[in-house]
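J.: Here is my input, please return the structure:
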Amino acid sequence: EVQLVESGGGLVQAGGSLRLSCAASGFTFDDYSIGWFRQAPGKEREGVSCLSSSNGTPYYADSVKGRFTISSDDAKNTVYLQMNSLKPEDTAVYYCVAEDIYCSGLDIDYWGQGTQVTVSS
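T.: Okay, the predicted model is just below:
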């Protein structure tokens, strides 16, 4: 059974930090790019970051560049999203996703259940 299990969400003040974790199982971790989407109330889901399985390159949305860092621990089949300098507009449900090989964001194979991040002003 494929699973992407997120953890680490919560409530934080603006300027604070959180680290999200995504533990993957049920598929060959090295064959998939793992990333994060988010969806705020009343807004469309957007891609936040992705770590390419083909070349290890991290990708970031412009809105989070310089503040968020994606990394992985291959031994644990886990991907992390370190979020610093959080802003109220970062408030959303964050979803871990897996896509076969590339970080296109257009052909997501697996989704996690989501974890809530709330940033207070």
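
J.: Leaving out chain neighbours, which residue sits closest to Ser49?
T.: Ile70 (4.4 Å; CB to CB, 6 or more residues apart in numbering). No exception for glycine: its C-beta is placed from N, CA and C like everyone else's.

J.: Am I right that the one you found is in contact with Thr57?
T.: No. The pair Ile70 / Thr57 is not scored as a contact, 10.2 Å apart, by CB atoms under 8 Å.

J.: which of the two has more neighbours?
T.: Higher neighbour count among Ile70 and Thr57: Ile70, with 22 against 11, using other CB atoms under 10 Å.

J.: How about the secondary structure of the more buried one?
T.: The three-state label given to Ile70 by DSSP: H, G, I helix; E, B strand; the rest coil is strand.

J.: Show me what it is bridged to.
T.: Leu81 (DSSP bridges).

J.: Local confidence estimate at it?
T.: pLDDT for Ile70: 98.

J.: State the distance from the residue most central in space within the chain to Ser120.
T.: By CA atoms, centre = their mean, the chain has its centre lying nearest to Trp36, at 2.5 Å. Relative to Ser120, Trp36 is positioned 21 Å away (CB to CB, to the nearest Å).

J.: Would you double-check that Ala75 falls in a helix?
T.: Yes. The assignment for Ala75 is a helix, going by three-state DSSP.

J.: From here on, call the first residue 4.
T.: All right, first residue 4 from here; so that's Ala78.

J.: Please tell me how far it sits from Ser66.
T.: Distance from Ala78 to Ser66, counting by CB to CB: 31 Å.

J.: between those two, who's got more neighbours?
T.: Neighbours per residue (other CB under 10 Å) separate Ala78 from Ser66, with Ser66 holding more: 13 against 7.

J.: My reading is that that one lies in a helix. Confirm?
T.: No. Using three-state DSSP, the secondary structure at Ser66 is coil, not a helix.

J.: where does it land on pLDDT?
T.: Ser66 is assigned 97 on the pLDDT scale.

J.: Strands of this protein, residue ranges please.
T.: Per DSSP state E, the chain carries strands over the ranges 6-10, 13-16, 21-28, 35-42, 49-54, 61-63, 71-76, 81-86, 95-103, 111-114, 118-123.
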